[in-house]
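Give me the fold of what follows.
(chains A and B)
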Amino acid sequence: MDVALEINNSTDPASQFVTWSPSPCRVRVSNPAGTTTPSVNVTLAGVSAANGGAVQFRSGTSGAFANTLTLSVPTSGATVSFFAAGKFGSPSSSNGDVKIEARVGSTVVGSASLMVRIRKNANQLSNGERDRFVSAFAKLNNQGLGRFTDFNNMHKEPTLSQSHGAPAFLPWHRAYLLDLERELQAIDASVALPYWRFDQAAPKVFTLDFLGASDANGTVHFRNGNPLEFWKTDNTPGISRTPDFPLSQAPPGPMSEADTLALGNQFRTFRRMEGDPHGLAHTSFGGFIQDPRTAAKDPLFFLLHCNVDRLWAKWQRQNGRFDPAAATSFDERPTSDPGHKLDDTMWPWNGITEAADPTRPPTAPGGSLATSACVAAPGLSPRVRDSIDYQGVVDPAANLGFGYDDVQV
Amino acid sequence: MAKKPTAAKKASPRKQKATAPVHVAVPQDADGVRRLLKDLRDAGKPIEVRMATLQSLGAAAFSVANFDSVNADYIAALREVSTDSHEQLRRRSLGILSRNKDGYAQKALLDGLKNPAKALLPPEKALQLLGNDVHAGAYAAARAIVKKPPNEDAKREALRLLAADSKSEPLFEKVLRDKKEFRENRQLAASALHSLNPDKLQRQARRILKDKSDYADIKATSLTALEQFGDAATLGKDKALFQSVTRFKAASKTSAKYKQTARRFLSKYGQ
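Numbering: from 1, shown residues only, chains lettered A, B, ... in the order given. Model prediction:
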């Protein structure tokens, strides 16, 4: 007999990815040959490659996860549901480096390879992870002709009022990063956006093989063969970036992680992190990254913001701020402009432009938010509230399908 | 309002070990921005304080709700300090202004290129900043610098600026083919040529890869161009190219990194 396993209830290769959050899965007998009973006991277990990810299981929507799970599966071909999740502390480093093996007794009757795809510290990526990320990013840019142009245009004047200086700063950027990450994954499904911990030294990030090394003039250099050597934005090749700190150290300006997490247990006080550490991380450099209008021209922007998002995720976990309906999870103000209230849809994914609403920008580059084969949320036109319960803690359907290597569910 | 944990920051051992950076808190509102603008303009304050002030003002440009209401004051202050006696302040303020496509800054930078005695910044920095706005009318100055460069960095930045100029396509083709040219300029020429005329770059890249006497680093750049952005149908038919890349990969003098680039190319095109 054989059984078939479906990760995220699908056999689509693009669905074979999990995070720390529970992913709905199914198992069914696909070939009953040799069976004589109406059902068989199938035991599921994760098998990890060296340095691979690890998975765990549970049968229902609640309860503890375990390394193995035994399910009674009808031989009629009907499916049985279960949940799989990455085991915290054991993310994958490449696609398919962990598999779920199904056994009846000691006989393997089916398996499915998958990846525990998790956002990691950029300074700790393996060379393979780094190279795949850089290659996918360069392809997205495609020398200034690719889809990255939309992401650059989404973060320029006159669009900044949609994303800065107001309550939706963090939710908007969470959606922005997710959109970009999904586009990267459409190029290479094994890629997760890494984060730059700006409160720690990150000497491996600012190298010729990764995000480039700056010369005294602030011109960023890449090793020949690093695909980012063809980076281009707004018709001009290259990146301008001058660090104001020794790269063997962290920038001295931005607030530490501990201080950031101590900004208060209400979102309305925590969001002050937009100035420090977020703003000071940007202005620890000269060059593109320093200015709101040009920051997104530098790939570093997305690693910096990934860390900003990670800090929010850590703060959310520390204070249990996942419920969009709770007043402590967001800074809801009746006077906020459109795009900054909990139930507002966010520009540009909502397609609303100045013609329909004078508070919105003249154009909406990029169209709707990229979809995922793993999760349904946040939909094509996310609302501010859709960014909050990113792991599906309150509502499993809200899971956005990403996680951080040091933030548990 | 929660109190900013400045005391905790000052007590951090990491901060104490660093080279005693000056910390200026990021303003929370327009009034706070105006106060910092005064400090920025104050030539009597130590340069370290003024630079830290500029850093905090930059952070406020991201986070202060109605920064637009003080933006004109911010620009005016930046223009004022763009002629300061401290070069680092001139660099940073002109950088911010030019990224905001500020006409005053563009004119000052262009004037400096034409008359080096009046230049606020070295030509390589001025050219880099002028590249923030391809409509800045800097092409003529950049072409002049390519012809008679004051230094190699200035030539490189002039080439970078010209990368968007369709009239410069023959220049980039020449630079890419010239084995005596600095490798970095050839790298830049490959990037520029690829967007100005992708077919031409593909032809040049294939030629470079087949040329046994050309350099390994520019071959790696050519391989990356073809692997990342190449036309699979054309490349698939070029047997001589695959032989050259296979030789490049096998050569003992080829570095491990470049061998990896060659492997990626061969793997992508099924060899």
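
Compute the number of surrounding residues for residue 65.
You didn't pick a chain, so chain A it is. A:Phe65 has 18 neighbours, counted by other Cβ atoms under 10 Å in any protein chain shown. C-beta here means a position set from N, CA and C on the backbone, and glycine is covered the same way.

wrong one, I was asking about chain B
17.

from what I can see it touches A:Gly165, true?
Yes - because the distance of 4.3 Å satisfies Cβ atoms under 8 Å, B:Ala65 is recorded as touching A:Gly165.

Next, A:Val42: secondary structure please.
Under DSSP: H, G, I helix; E, B strand; the rest coil, the three-state class of A:Val42 is strand.

my guess is it meets A:Val109, correct?
Yes - counting by Cβ under 8 Å, A:Val42 touches A:Val109, with 6.9 Å between them.

can you list residues touching both of those two?
Listed as contacting both A:Val42 and A:Val109 by Cβ atoms under 8 Å, 6 or more residues apart in numbering or on different chains are A:3, A:102-103.

I'd like the distance between A:Gln162 and chain B.
Look at A:Gln162 and chain B: by Cβ to the nearest Cβ, to the nearest Å, they are 13 Å apart.

Pull the contacting residues for that residue.
Per Cβ under 8 Å, 6+ apart, neighbours of A:Gln162: A:168, A:172, A:339, A:346-348, A:360-361.

hang on, the earlier thing: show me the shared contacts of A:Val42 and A:Val109 that map onto strands.
Among those, the members falling in strands are A:3, A:102-103 (criterion: DSSP state E).

What about the closest residue to A:Arg103 other than its chain neighbours, how many residues nearby?
Nearest residue to A:Arg103, sequence neighbours excluded (Cβ to Cβ, 6 or more residues apart in numbering or on different chains): A:Thr43, at 5.0 Å. For A:Thr43, the count of nearby residues is 16 (other Cβ under 10 Å).

who's in contact with A:Thr43?
Shown in contact with A:Thr43 (Cβ under 8 Å, 6+ apart): A:68-71, A:102-104.

Residue 112 - nearest residue in space that isn't next to it in sequence?
No chain in the question, so chain A it is. A:Leu5 (4.0 Å).

please go with chain B instead
Per Cβ to Cβ, 6+ apart, closest to B:Gly112 is B:Ala119, 3.1 Å.

got the contact list for the residue in the stretch 251-400 of chain A positioned nearest to chain B?
As assessed by Cβ to the nearest Cβ, chain B sits closest to A:Gly279 within the stretch 251-400 of chain A, at 2.7 Å. By Cβ under 8 Å, 6+ apart, A:Gly279 lies in contact with B:26, B:56, B:58-63.

likewise A:Asp395?
For A:Asp395, the contact set (Cβ under 8 Å, 6+ apart) comprises A:Asp389.

The stretch 1-150 of chain B: helices as residue ranges?
Using DSSP state H, counting those that start in this stretch, the helices found in the stretch 1-150 of chain B span residues B:6-11, B:13-17, B:30-41, B:47-63, B:68-81, B:87-99, B:103-114, B:123-130, B:139-147.

Repeat that for the stretch 51-200 of chain A.
A:127-141, A:148-153, A:169-187.

Ok, which of those helices comes nearest B:Pro46?
The closest of these to B:Pro46 is helix A:169-187. By Cβ to Cβ, the value is 32.6 Å.

Which strands or helices does that closest one pack on?
Contacting helix A:169-187 under the criterion 3 or more Cβ pairs under 8 Å, 6 or more residues apart in numbering or on different chains; DSSP states H and E are the following elements: helix A:127-141, helix A:148-153, helix A:300-319.

Kindly present the ones in strands among the shared contacts of A:Val42 and A:Val109 as TSV, with separate columns for neighbour count and pLDDT.
Shown next, in TSV, are those (neighbours: other Cβ atoms under 10 Å in any protein chain shown; pLDDT from 0 to 100):
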residue	neighbour count	pLDDT
A:Val3	25	98
A:Ala102	24	98
A:Arg103	18	98
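
most tightly surrounded among the helices of the stretch 1-150 of chain B?
With neighbours taken as mean count of other Cβ atoms under 10 Å in any protein chain shown, the helices of the stretch 1-150 of chain B reach their highest mean count in helix B:123-130, at a mean of 26.

hmm, who's touching that helix?
With Cβ under 8 Å, 6+ apart as the test, helix B:123-130 has contacts from A:217-219, A:240, B:91, B:94-95, B:98-99, B:105-106, B:109-110, B:112-113, B:116, B:119-121, B:136, B:138, B:141-142, B:145, B:150-151, B:153-154, B:156-158, B:160-161.

Check which element follows the helix-or-strand element of chain A with minimal mean pLDDT along the chain.
The least trusted helix or strand in chain A, going by mean pLDDT, DSSP states H and E, turns out to be strand A:236-237, with a mean of 88. Sequence-wise, the next helix or strand downstream of strand A:236-237 (DSSP states H and E) is strand A:241-243.

tally of neighbours for A:Asp343?
Applying other Cβ under 10 Å, we find 10 residues neighbouring A:Asp343.

residues in contact with it?
By Cβ under 8 Å, 6+ apart, the residues touching A:Asp343 are A:383-385.

what residue ranges in chain B are flagged as low confidence?
For chain B, applying pLDDT under 70 flags the ranges B:1-20, B:136, B:270-271.

repeat that with 50
For chain B, the stretches with pLDDT under 50 are B:1-18.

how does it divide into domains?
Per automatic domain parsing, the structural domains of chain B span B:25-81, B:175-271.

For A:Ala213, which of those domains is the nearest?
domain B:175-271 (12.5 Å).

Residue in the stretch 1-150 of chain B with the shortest distance to chain A?
Nearest to chain A, among the residues of the stretch 1-150 of chain B, is B:Ala59, at 2.7 Å (Cβ to the nearest Cβ).

returning to that earlier point: need the helices of the stretch 51-200 of chain A in a markdown table with mean neighbour count and mean pLDDT, can you?
Below are the helices of the stretch 51-200 of chain A laid out as a markdown table (neighbours: other Cβ under 10 Å; pLDDT from 0 to 100):
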| stretch | mean neighbour count | mean pLDDT |
| --- | --- | --- |
| helix A:127-141 | 20 | 96 |
| helix A:148-153 | 20 | 97 |
| helix A:169-187 | 23 | 98 |
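
Nearest approach to A:Asn9 belongs to which of those helices?
helix A:169-187 (18.5 Å).

and the angle for the closest one with helix A:300-319?
With axes from the mean of the first three to the mean of the last three Cα atoms, to 10 degrees applied, the angle from helix A:169-187 to helix A:300-319 works out at 120 degrees.

that older thread, relative to chain B, which of the ones in strands among the shared contacts of A:Val42 and A:Val109 is nearest.
Nearest member of these to chain B, counting by Cβ to the nearest Cβ, is A:Ala102, at 32.3 Å.

partners of the closest one in the sheet?
Beta bridges link A:Ala102 to A:Leu44, A:Gly110 when assigned by DSSP bridges.

Name all residues that make contact with it.
A:Ala102 is in contact with A:3, A:5, A:27, A:42-44, A:108-111, counting by Cβ under 8 Å, 6+ apart.

Against A:Ser48, how distant is it?
Distance, A:Ala102 to A:Ser48, by Cβ to Cβ, to the nearest Å: 16 Å.

Would you mind confirming that A:Lys341 makes contact with A:Glu332?
Yes - in this structure, A:Lys341 is within contact of A:Glu332 by Cβ under 8 Å, at 6.3 Å.

residues in contact with the residue of the stretch 51-200 of chain A found nearest chain B?
Closest to chain B within the stretch 51-200 of chain A is A:Gly165: 4.3 Å, counting by Cβ to the nearest Cβ. By Cβ under 8 Å, 6+ apart, the residues touching A:Gly165 are A:274, B:62-67.

how does it look with 6 Å?
When contacts are counted by Cβ atoms under 6 Å, 6 or more residues apart in numbering or on different chains, A:Gly165 touches B:63-65.

will you turn those residues into CSV that also has distance to chain A?
As requested, the contacts of A:Gly165 are exported to CSV (distance: Cβ to the nearest Cβ, whole Å):
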residue, distance to chain A
B:Ser63, 4
B:Val64, 6
B:Ala65, 4
